[in-house]
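Enquirer: One predicted model, sequence on top.
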Amino acid sequence: MARILLIEDSPTESAVMSQLLERNGHEVITSGSAEDGIETCRRERPDLVLMDVVLPGMNGFQATRALSRDADTKAIPVLIVSTKGMDTDKAWGLRQGAKDYIVKPPREDELIARINEALGA
């Protein structure tokens, strides 16, 4: 399965998402901020990034834009997973380079299907 970088500042949300992903056979790397997540992405080269929007410091939209414009990370798909569910949020996230936008809390089967789709599985 895939190596997934989860950029999420809530320890509870991070633990729940990590368990869900690991239960489905994925290896999970976690990061609690956008800035750290960008560095981790450059260093670890995950297969996919799950990005929260509301983060301390740089937000998830800014981090998604940074990753999608960086020659070293632009080929890594970013899926935004956020409580911000307005159509304008989704449109903005996709314009920043996200491959998909999922509203929290995601259903497990839907999240895994969309991860597999982004990975071309």
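Expert: Received it, and whenever you're ready, just let me know what you need. What you are looking at is a predicted structure, and each value in this text was computed from that prediction instead of being measured.

Enquirer: next one: stretch 114-121 to chain centre, how far?
Expert: Here stretch 114-121 is found 13 Å from its chain centre; the criterion is C-alpha atoms, centre = their mean, to the nearest Å.

Enquirer: and Glu13, what does it touch?
Expert: Contacts for Glu13 (C-beta atoms under 8 Å, 6 or more residues apart in numbering) come out as 52, 104. In this view, the C-beta of every residue, glycine as well, is placed from N, C-alpha and C.

Enquirer: list the buried ones in the strand or helix carrying it?
Expert: Assessed by DSSP states H and E, Glu13 sits inside helix 11-23. The neighbour-count check on helix 11-23 (16 or more other C-beta atoms under 10 Å) flags 13-14, 17-18, 21 as buried.

Enquirer: Same check on stretch 102-115?
Expert: Quick answer for stretch 102-115 (16+ other C-beta under 10 Å): 102, 104, 106, 111-112, 114-115.

Enquirer: Pick the one among the residues you listed closest to Leu55.
Expert: Using C-beta to C-beta, Lys104 comes nearest to Leu55 of these, at 13.5 Å.

Enquirer: now that closest one, nearest residue through space, not along the chain?
Expert: Excluding the flanking residues, the one nearest Lys104 by C-beta to C-beta, 6 or more residues apart in numbering is Thr83, at 4.8 Å.

Enquirer: quick one, phi/psi of the one you found?
Expert: Backbone torsions for Thr83, taken as degrees, to the nearest 10, come to phi -80, psi -20.

Enquirer: do the same with Leu79
Expert: Backbone phi and psi, for Leu79 under degrees, to the nearest 10, turn out to be phi -110, psi 120.

Enquirer: just to revisit the earlier point, quick check: next helix or strand after the helix holding Glu13?
Expert: From helix 11-23, the next helix or strand downstream (DSSP H and E) is strand 27-31.

Enquirer: Point out the other helices and strands that that next one packs with.
Expert: The contact analysis (3 or more C-beta pairs under 8 Å, 6 or more residues apart in numbering; DSSP states H and E) places strand 27-31 against strand 3-7, helix 11-23, helix 34-44.
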